[in-house]
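A.B. asks: let's see this in three dimensions:
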Amino acid sequence: MEVKTTKQLEENNDSNYDRKAEVRAFDDSKAGVKGLVESGVTKIPRMFHSGNLDLIETSAGDSKFTIPIIDLKAVHSESALHAEVIGKIRSACNQWGFFQIINHGIPISVLDEMIEGIRRFHEQDTEVRKEFYSRELKKKVLYYSNLSLYSGQPVNWRDTIAFAGAPDPPKPEEIPSVCRDIVIEYSKKIRDLGFTIFELLSEALGLNPSYLRELNCAEGLSIVGHYYPTCPEPELTMGATKHTDSNFITLLLQDQLGGLQILHENKWVNVPPLHGSLVVNIGDLLQVSCIKNSDII
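C.D. replies: The predicted structure follows:
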């Protein structure tokens, strides 16, 4: 008796598989991945199959493979600490392109409520979520599943609610009521922190603290809240595939389940969730903007 692998079965069924139809039906449902879970699926649609995941061994227990954690407490009031922080940021940018920050000025209660607000939105009834579903990128509030849904690449197992934060934020009434207050509060606080980060990065480059801000690096702000529903076949798909971020910087807020990994020296390194911290990701645009001034980023 011949036993066929999943890959062989998929190859045999290629002639009958209509990916475009599968994607279109998923998109037209406006229910996202959460809608699939709510429908009771036990087998995930083929468009989510990631094939060979190309996983590289994750290193642990070695300080060489531990993302830097930088304490911003008193960074503006004590000159010695300020200089130390600048040095740590310079080193982190040079060696990692990532670092975690603590004591950054945003109350932990605000971070926790932001996570809960995003979760509340995604766990509403499907009909309520559908009201915000769209692929019109010009909208200031956008609920969707995978911007690259029609690209032909494997689809990530996640849904997203996104908000324009600056320079032209949505009107309060445009934001879902279930997370409206916290989105508005978080937007203000994260933008202020962004200004501080750009000042510190400018100094790490040996430039005037206002340099990057004067380049308008901090003028734009978008808030993206990903949601990863429980998957019945987690070995077949991923919540986020390998990528870089094009923004100047990305501030990442993890919940306590974690799951974030970064590629360092050709190894995937776990970034354990540290309650109250934010992860700073140096984006492609910032590297391009700074490369003429210094080789540290």
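A.B. asks: what are the phi and psi angles of the residue nearest to the spatial centre of the chain?
C.D. replies: By C-alpha atoms, centre = their mean, the chain has its centre lying nearest to residue 252, at 5.9 Å. Main-chain dihedrals, residue 252, degrees, to the nearest 10: phi -100, psi 130.
A.B. asks: tell me which residues touch it, please.
C.D. replies: Residues in contact with residue 252 (C-beta atoms under 8 Å, 6 or more residues apart in numbering) are 260, 278-281. Quick note: C-beta positions are derived from backbone N, CA and C, even for glycine.
A.B. asks: ok, which stretches of the stretch 101-250 of the chain are strands?
C.D. replies: Counting by DSSP state E, counting those that start in this stretch, the stretch 101-250 of the chain has strands at residues 141-144, 159-166, 221-227, 249-252.
A.B. asks: residue 34: which of those strands is closest?
C.D. replies: strand 159-166 (5.5 Å; C-beta to C-beta).
A.B. asks: now the closest one: average pLDDT?
C.D. replies: Strand 159-166 shows a mean pLDDT of 96.
A.B. asks: same check on stretch 119-130?
C.D. replies: On average, stretch 119-130 scores 97.
A.B. asks: now it, how far from the centre of its chain.
C.D. replies: Here stretch 119-130 is found 20 Å from its chain centre; the criterion is C-alpha atoms, centre = their mean, to the nearest Å.
A.B. asks: buried set for it?
C.D. replies: 121-122, 124, 129-130 (16 or more other C-beta atoms under 10 Å).
A.B. asks: how about stretch 79-90?
C.D. replies: Those would be 82, 85-86, 88-90, for stretch 79-90 by 16+ other C-beta under 10 Å.
A.B. asks: likewise for stretch 184-192?
C.D. replies: In terms of neighbour count (16+ other C-beta under 10 Å), stretch 184-192 has its buried residues at 185-187, 189-191.
A.B. asks: taking those residues one by one, which sit in helices?
C.D. replies: 185-187, 189-191 (DSSP state H).
A.B. asks: could you dump the residues you listed into TSV and include distance to residue 135 and pLDDT?
C.D. replies: Converted to TSV, these look like this (distance: C-beta to C-beta, whole Å; pLDDT from 0 to 100):
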residue	distance to residue 135	pLDDT
185	28	98
186	25	97
187	23	97
189	29	97
190	25	96
191	26	95
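A.B. asks: tell me the one of the buried residues of stretch 79-90 nearest residue 36?
C.D. replies: Looking across these and measuring by C-beta to C-beta, the closest to residue 36 is residue 89, at 41.6 Å.
A.B. asks: ok, the closest one touching residue 70?
C.D. replies: Yes - with contact defined as C-beta atoms under 8 Å, residue 89 counts as touching residue 70 (6.4 Å).
A.B. asks: just to revisit the earlier point, most neighbours out of the contacts of residue 252, which is it?
C.D. replies: residue 280 (28 neighbours; other C-beta atoms under 10 Å).
A.B. asks: how near is the residue lying closest to it once chain neighbours are set aside to residue 152?
C.D. replies: Of all residues not flanking residue 280 in the chain, residue 99 sits nearest, at 5.4 Å (C-beta to C-beta, 6 or more residues apart in numbering). Distance from residue 99 to residue 152, counting by C-beta to C-beta, to the nearest Å: 35 Å.
A.B. asks: and what of residue 284?
C.D. replies: The spacing between residue 284 and residue 152, counted by C-beta to C-beta, is 23 Å.
A.B. asks: now residue 237
C.D. replies: Noted for residue 237: a distance of 16 Å to residue 152, by C-beta to C-beta.
A.B. asks: equivalent analysis for residue 25, please.
C.D. replies: Computed as C-beta to C-beta, the residue 25 to residue 152 distance reads 16 Å.
A.B. asks: next: residue 71.
C.D. replies: Taking C-beta to C-beta, one finds residue 71 at 45 Å from residue 152.
A.B. asks: the more surrounded of these two?
C.D. replies: A count of neighbours by other C-beta under 10 Å puts residue 71 above the other of residue 71 and residue 152, at 16 against 11.
A.B. asks: isn't the more buried one right up against residue 102?
C.D. replies: Yes - in this structure, residue 71 is within contact of residue 102 by C-beta under 8 Å, at 5.3 Å.
A.B. asks: over to residue 25. Which of the three states is it?
C.D. replies: helix (DSSP: H, G, I helix; E, B strand; the rest coil).
A.B. asks: before we move on, the earlier item: just checking, what packs against the host helix or strand of the residue nearest to residue 280?
C.D. replies: Taking DSSP states H and E as the definition, one finds residue 99 inside strand 98-102. The criterion is 3 or more C-beta pairs under 8 Å, 6 or more residues apart in numbering; DSSP states H and E, and the helices and strands that strand 98-102 contacts are strand 69-71, helix 79-95, strand 278-282.
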